[in-house]
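K.L.:
quick one, structure for this:
(2 chains)
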Number of protein chains: 2
Amino acid sequence: MDAPVRLTLKELEQVDISPPVEEERDAVIGRSVTRLEDPPLVRGEGCFAGDVNFPRQLHMRIVRSQVAHGRIRDIDIDAALRAPGVAAVWTGKDVADIPPIPFRATTVKGLDPYCQPILAQGVVRYVGDPVAAVFAEDPYLAEDAAALVAVDVEVLPPILDARDAPGEFLPGLTTEPTVIRKGYGDIDAAFEQAWRVVSLKLSIGRHSGVPLECRGAVARYDASRDMLEMHGAAKKSHWNRDEMSRMLGRPPSTMHLYEGHVGGGFGVRGEMYPEDVLVCLAALRLRRPVKWVEDRRENLMATNHSREQYHDIQAAIDEDGRLLGIRNIFYHSQGGYVRTHGPRVADMSAGLLLGPYRVPAYQVAAHYRMTNKTPAATFRSPGRYETTFVRERLMDAVAHEAGIDPLEARRRNLIGKEEMPYARPLDALGVDVVLDSGDYAGLLDKTLDRLQWDRLRGEIQARRAAGELVGVGFAMFVEKSGLGPSDMVRLTVDTSGNLELVTGAGSVGQGMETALAQICAHELGVDYRKVRVIKGRTDQIPFGNGAHASRVTVMSGSATQIAARKIRARALDIGSIVLGLPQDQLTIRDGRIMPRTGGDDAGSMTLAQVAQYLHPSQKTSRGHDPGLSAEGWFYSDHMNYPYGVHVAQVRIDEGTGGVKVERYLVAYDVGRAVNPKMIEGQIIGGLAQGLGGALYEHFTYDETGQPLATTFADYTMVTAHEMPQVDVMITEDAPSPLNPLGLKGAGEGGTNAAGAAIAAALDDALGMPGAITALPVMPMRLLQLLAQRGKAQRPNSPNDSKGA
Amino acid sequence: MDAPVRLTLKELEQVDISPPVEEERDAVIGRSVTRLEDPPLVRGEGCFAGDVNFPRQLHMRIVRSQVAHGRIRDIDIDAALRAPGVAAVWTGKDVADIPPIPFRATTVKGLDPYCQPILAQGVVRYVGDPVAAVFAEDPYLAEDAAALVAVDVEVLPPILDARDAPGEFLPGLTTEPTVIRKGYGDIDAAFEQAWRVVSLKLSIGRHSGVPLECRGAVARYDASRDMLEMHGAAKKSHWNRDEMSRMLGRPPSTMHLYEGHVGGGFGVRGEMYPEDVLVCLAALRLRRPVKWVEDRRENLMATNHSREQYHDIQAAIDEDGRLLGIRNIFYHSQGGYVRTHGPRVADMSAGLLLGPYRVPAYQVAAHYRMTNKTPAATFRSPGRYETTFVRERLMDAVAHEAGIDPLEARRRNLIGKEEMPYARPLDALGVDVVLDSGDYAGLLDKTLDRLQWDRLRGEIQARRAAGELVGVGFAMFVEKSGLGPSDMVRLTVDTSGNLELVTGAGSVGQGMETALAQICAHELGVDYRKVRVIKGRTDQIPFGNGAHASRVTVMSGSATQIAARKIRARALDIGSIVLGLPQDQLTIRDGRIMPRTGGDDAGSMTLAQVAQYLHPSQKTSRGHDPGLSAEGWFYSDHMNYPYGVHVAQVRIDEGTGGVKVERYLVAYDVGRAVNPKMIEGQIIGGLAQGLGGALYEHFTYDETGQPLATTFADYTMVTAHEMPQVDVMITEDAPSPLNPLGLKGAGEGGTNAAGAAIAAALDDALGMPGAITALPVMPMRLLQLLAQRGKAQRPNSPNDSKGA
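P.N.:
Have a look, this model is predicted:
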């Protein structure tokens, strides 16, 4: 309705004709108000993918490969077709005309042949690879019939170790489709001049986001409008809509995706998977709604995995423990296909490894390797969880080598706040890495204060002297957030004075609606509960970026601010006409335009009345843009960079090798906290996933490529029992200069450094610097390490095994 | 996306930076291209209200009053509540908190107490008045349970004749809530100076639009989003949404209406009725989807009736048969409640009676009378069908009185084309009546040419001489269309080059989608089949006016033209950048921007490529409004006035009194015909309804107020059997100066003058000028008239009764 605005920060002031002065604002930004999202959820009125039903719907069941690598000789579907209630059975031949799942923009060329078809075309590449689809009247009949599909496969030797020398993956395809190389500075000189070189071999295990809600999708084709709908979307509704419609040969305007409630996203849910395309195609071809919900076993072997990397890293240091250069070669185990991300995780690992430290020279080679495992992609803090573990292990080793305290080693290498913005001659996700703001040393100081570090250290030493295997570990990190290039919202005040904020952002549990409503309310002078956020519906807004990359509050939040200021300006314009006062004498409080100063009798006008005034059925609307509505567009060419410190205190049970995380502190600077309680929730939840990857969760495979963790008995998620008491310290010391509110993303800081901090704490508890070189650290490994420690170091206390 | 534009015709030129020159245009306006609406309908893929279903839906059945007027003593719902499958039974008490159905803007005050509650509150006012609602698991159980609801009513004497002296309707309510008076000139002087005064008493029977699809609605409350939906909307989705949400105490942004396929609108379908509100309220309260579809009996006694009026009209004329003044008093039988229209039909009857004639003085009093019949409202050509009958009967009587040919009497009184625009000191629907353009005499000439009138008259005379009761009648009329004040569309080119045109207009079978697509294609240089029209969905566009008042092509069509020109300008702007040519050297042909002149190697760019260029994910979009999208707003303060001539040739069966309409011509000037075939279809369909009201369709009542026409056995619709061969002559002699394309509405011209022309033809066939004074003319009446003619005029032919 309103012309879109791309404003510089300076220009933004011009929109805000009459900005609320701080004391007039309903200072709702920064307050831990109650979440708007919660009422339907606590009442049991949530609508997840499984809750979506249409009359006459069919249910889809996927027949999956039972071997990791093989050539399909034959698929016999006759018995399945004759099974009760079966409407159709499809194999690869039936969908050979549908292109494979594409990936989003990537700078790496040549990956197309590695994309996944929606049903296997002649070969299978991992256990779980979709081979056939059965459509039946109910999910039980579909599952029964799927069991009757006989897949005859010639088994090929599986490729399981990403460190193996590159070779043939399949005819015409190599196991190493790309090597991503980055770097700057004179790395050879750095290593030649080094006082010492510290070298480590480190690995991060395969784990992933495992949402409470398994994936699900319901597609419906409305022939009366030639409109295809898919319900159960998440994360990337607009992109998925655009690409699926292209795959199906339909104009994008003839297809819409709908995101309902989402029981956890974490980067894995809402990507475009074969099953999403299959339900849509089936709805079109079978002319009935088609529903699919995966079971947990499928979820654990078909939904994106993540993380698995093997790093050979070296640091060149001077005698003070200062970094002169870092060399890194790593192997990224991608799995059987390249999915929507392309090589993003490897790219980010390479581009963001250096974290908060000043590194004069850097060289990295990311070997992107195909393996016969479930395809991998992004999971909360992708590439950062891995490289923070690698980098912080390295920093601990540097400290040890230089004979200084690990904290001191970090302090000597941290980028100073006076160096900000700090441009690294690197890129990640296609944009230059420019650390926008930060006071890393300052946050470390605050962390130590909060911990009462000297006292704590004393306590730990005392307990250790008493024989307890207790230790504390630190890790520092830089996150990234607010990926551009643009975002928009549309804000409308209806004639009842209620606000509708339509966004293309997604809501996967993070509290997005509440955060945007707070920003809107803050700028506009209304109760945030009057703001209704419409999200995840491609028919409601032309563009959107869903929910990923910790970008929503930064990008959509900034767009919301712009839209709210435009509405404010428009409302004050009408208020000025009606109330007969200059705009700069007016403000908006609690949805009412009123004089900034003056008595009750000065007159006022509600936003509802402004919307009525501007309704196109009213003569008063003439000469104005009809309706009280505005779009806000926000553009950004750079990411911004929140940062933090994790501190873990652990105790190892000598008898079992079990680990008790006794205490955990996350210090995190988000620039500006819209809703501190929600950020705290994000951090604690993120930490649970970080601890999972550090200590508990591992997608293991046997030598034939059979996954060994396909139930929650084997894939051991962190529960409330394992979670420590978490102290979250949110700081706002380094607002981002890249958006007017100074916002940075808060979604991934709880996860990022958990592996690193746990590893350091375990080293400390063991008294074996550098002992931990691989995640997750399972009890068996700790028992091995304890055995290495030898009898000389055996603790005195005989009752130590009671813990953990 | 784009700033809305309110352009004068002059300013419009500025938007059209590079207008297509006529020979470059895909001259799709004016071509009878195939309708976009038809493919799903001919494939059986239409989605009407009855086709909408949701899991767990309840079915509503209305218990209706069986007496015309009474006081409710008691309603016993116990047996119904105990019936199988019943979820709830409501009576007036259960919904006493819901306000009655409001009416749209009216200039008449004081009608609020006459509005209809959603269930009767203590009294019943017509047979069919909703008294209770039963909700059950299927429609059969609901109907069975409804039969168990015992309504104890104290019967009151019914008021059935609108001509009775005013009195008490109910305590505190009069039978005459308003008298609408209009007029101008010195009416007394006109009658004093008159050579003669012609006086007639005329009546129009009660009939209405009877769509093939009965009314239906399905409401669903999505608690997960706090969103209420109603499917089965038509005609006025946005207004109904706004008002229903107000009645239900919800912000309008928390409710949406969806119009699917509509099996006929005709003015009656899609108004807000009690049942619409009831399904919405029930969905909210019962937390289950609620479906309701009326049966035909309900449709005939609960859906809006129309027409019933009684006119006492007088013309003062001079000795040449020229009109000096017209006086009219009429009585409008409203029925038991004032519905959404308020007194619009009476108002239009008063304001538009004079038609194409020059009338120096005029005085009218419209007595708006409550009766214990089904409430009345608009039906195709409301107020015009009635008053064209009255006016043209009057003109025939004037001719007879002055001893001149009826056509000559008309010619002497027609407003000349040189007098246009012709401002009448009258208003209708709240706007001044200014006849914008027209050549009434010219159209009469063309009509006579088309008829080969002299030859035809000779034939008729010969047949009559041979004893056949055959006759020809003429009627002239002015329609009205294009009611403002505003309309908008949003036009978007997607990245595949397909266009989406979102409109708040409704589609009830008239071909709106095709007409708008043609206008869009014409302006933009694309295939009209690439334009996808999204309509009747309140969640897709903030404002809309549905489908009524023959306004869509005029208002939404003009808005479409503006939007298309803006898209054209934006596309040429990008084309100019990319192709490196000035905009004025470029044009768009078949969706491709190319040089106006020059060879094939000059380069070109598709609209899809422009949309991709402007996609906000692309760097190229910077500095432009993202996306290839534009809004078009069109404003109009006046209606415009198409006009026409109806000519009927009839033959009366002397034995049965049956009438055979042998031939029919409709000449109609629409200013500019977007799709002549669609207009022809509208005219023929409209004529069928006009003939129904002239000869066949009649909602009769017995003396207790019991309706006697509640099945198609008694309410005798026109079928293909009764329809004559229709000759439609569409002319474009008087484009409207009120919109750039010169459009006028085409929906009601087929209906308008049918009663008038049939009456004149029957007079002629009978040889009894002025014999027909009431519609419909049923066989019994003709037999009475034939008896009056007496034996002297008995025709010679004995086999005459074989006809009809």
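K.L.:
quick check: closest non-adjacent residue to the residue of the stretch 551-700 of chain A found nearest chain B.
P.N.:
Minimum separation of the stretch 551-700 of chain A from chain B (Cβ to the nearest Cβ) falls at A:Pro616, amounting to 4.5 Å. C-beta here means a position set from N, CA and C on the backbone, and glycine is covered the same way. Distances taken as Cβ to Cβ, 6 or more residues apart in numbering or on different chains place A:Pro626 nearest to A:Pro616, at 3.9 Å, with adjacent residues excluded.
K.L.:
helix, strand or coil: sort out the one you found for me.
P.N.:
Each residue gets one of three states, and A:Pro626 gets coil by DSSP: H, G, I helix; E, B strand; the rest coil.
K.L.:
share the number of residues neighbouring it, please.
P.N.:
22 (other Cβ atoms under 10 Å in any protein chain shown).
K.L.:
picking that back up, tell me the contacts of the residue of the stretch 551-700 of chain A closest to chain B?
P.N.:
If you count contacts by Cβ atoms under 8 Å, 6 or more residues apart in numbering or on different chains, A:Pro616 has them with A:Pro626, A:Gly627, B:Pro485, B:Ser486, B:Met488, B:Phe543, B:Trp633.
K.L.:
which pair in those has the greatest spatial separation?
P.N.:
A:Gly627 and B:Pro485 (14.0 Å; Cβ to Cβ).
K.L.:
of these two, who's got more company?
P.N.:
A:Gly627 (22 against 19).
K.L.:
was I right about the more buried one contacting B:Phe543?
P.N.:
Yes. The pair A:Gly627 and B:Phe543 qualifies as a contact (Cβ atoms under 8 Å) at a distance of 6.7 Å.
K.L.:
can you pull the phi/psi pair for the residue of the stretch 551-700 of chain A closest to chain B?
P.N.:
phi -60, psi -10 (degrees, to the nearest 10).
K.L.:
now the one 4 residues further on
P.N.:
When read as degrees, to the nearest 10, the backbone of A:Thr620 gives phi -60, psi -20.
K.L.:
number of residues surrounding it?
P.N.:
14.
K.L.:
tell me how far the top strand by length along chain A lies from the chain's centre.
P.N.:
Determined from DSSP state E, the single longest strand within chain A is strand A:323-335. A distance of 22 Å separates the centroid of the chain from that of strand A:323-335, by Cα atoms, centre = their mean, to the nearest Å.
K.L.:
one step back: list residues touching both of A:Gly627 and B:Phe543?
P.N.:
What both A:Gly627 and B:Phe543 touch, as defined by Cβ under 8 Å, 6+ apart, is the set A:His615, A:Pro616.
K.L.:
distance of the nearest residue to A:Gln121 once chain neighbours are set aside relative to A:Pro171?
P.N.:
Spatial nearest neighbour of A:Gln121, chain neighbours left out: A:Gly92 (4.7 Å); criterion: Cβ to Cβ, 6+ apart. Distance of A:Gly92 to A:Pro171, computed by Cβ to Cβ, to the nearest Å: 17 Å.
K.L.:
out of these two, which sits in the busier spot?
P.N.:
Legend: neighbour count by other Cβ under 10 Å for A:Gly92 and A:Pro171, higher for A:Gly92 (19 against 6).
K.L.:
phi, psi for A:Arg358 please.
P.N.:
phi -80, psi 120.
K.L.:
confirm for me that it is in contact with A:Leu324.
P.N.:
No. Counting by Cβ under 8 Å, A:Arg358 stays clear of A:Leu324, with 10.3 Å between them.
K.L.:
burial measure for A:Asp51, as a count.
P.N.:
15.
K.L.:
partners of the longest strand of chain A in the sheet?
P.N.:
Here strand A:323-335 is paired, per DSSP bridges, with strand A:309-317 (antiparallel), strand A:362-370 (parallel).
K.L.:
quick one: pLDDT of the residue lying closest to A:Ala709 once chain neighbours are set aside?
P.N.:
Using Cβ to Cβ, 6+ apart and skipping the chain neighbours, the partner closest in space to A:Ala709 is A:Tyr715 (3.9 Å). We have a pLDDT of 98 for A:Tyr715.
K.L.:
tell me the SS of A:Tyr715?
P.N.:
Following three-state DSSP, A:Tyr715 is assigned to coil.
K.L.:
got the residues of the stretch 201-350 of chain A near chain B?
P.N.:
The stretch 201-350 of chain A comes close to chain B at residues A:222-226, A:242, A:245-246, A:251-254, A:260-261, as judged by Cβ under 8 Å from any Cβ of the partner chain.
K.L.:
low-confidence ranges in chain A?
P.N.:
A:1-26, A:105, A:598-602, A:791-804 (pLDDT under 70).
K.L.:
domain assignment for it?
P.N.:
Chain A breaks down by automatic domain parsing into domains covering A:9-30+A:484-635, A:49-157+A:214-261+A:269-302, A:309-482+A:638-802.
K.L.:
could you dump those domains into CSV with distance to B:Phe103 added?
P.N.:
Below are these laid out as CSV (distance: least, Cβ to Cβ, whole Å):
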stretch, distance to B:Phe103
domain A:9-30+A:484-635, 14
domain A:49-157+A:214-261+A:269-302, 32
domain A:309-482+A:638-802, 45
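K.L.:
so for B:Asp164, which of those domains sits nearest?
P.N.:
Closest among those, using Cβ to Cβ: domain A:9-30+A:484-635, at 37.3 Å.
K.L.:
quick one: distance of that closest one to the chain centre.
P.N.:
Distance of domain A:9-30+A:484-635 from the chain centroid (Cα atoms, centre = their mean) equals 28 Å.
K.L.:
which of the three states applies to the residue nearest to A:Ile758 when sequence neighbours are not counted?
P.N.:
Leaving aside its chain neighbours, A:Ile758 sits nearest to A:Ala694 (4.0 Å; criterion: Cβ to Cβ, 6+ apart). Taken by three-state DSSP, the conformation at A:Ala694 corresponds to helix.
K.L.:
and A:Ala694, what is it in contact with?
P.N.:
Taking Cβ under 8 Å, 6+ apart, one finds A:Ala754, A:Gly755, A:Ile758, A:Ala759, A:Leu775, A:Pro776, A:Val777 in contact with A:Ala694.
K.L.:
wasn't A:Glu243 part of a strand?
P.N.:
No. With three-state DSSP as the criterion, A:Glu243 is assigned helix and is not in a strand.
K.L.:
and stretch A:661-675, end to end?
P.N.:
Terminal residues of stretch A:661-675 are spaced 27 Å apart (Cα to Cα, to the nearest Å).
K.L.:
what is the burial count for A:Arg285?
P.N.:
By other Cβ under 10 Å, neighbour count at A:Arg285 equals 16.
K.L.:
closest point of the stretch 651-800 of chain A to chain B, which residue?
P.N.:
A:Leu738 (16.3 Å).
K.L.:
I should have written the stretch 301-450 of chain A there, sorry.
P.N.:
Closest point on the stretch 301-450 of chain A to chain B, by Cβ to the nearest Cβ, is A:Gly430, at 10.9 Å.
K.L.:
which residue packs closest to that residue, ignoring adjacent ones?
P.N.:
Using Cβ to Cβ, 6+ apart, the nearest residue to A:Gly430 is A:Thr107, at 5.8 Å.
K.L.:
shouldn't that neighbour be within a helix?
P.N.:
No. A:Thr107 is assigned coil when assessed by three-state DSSP, not a helix.
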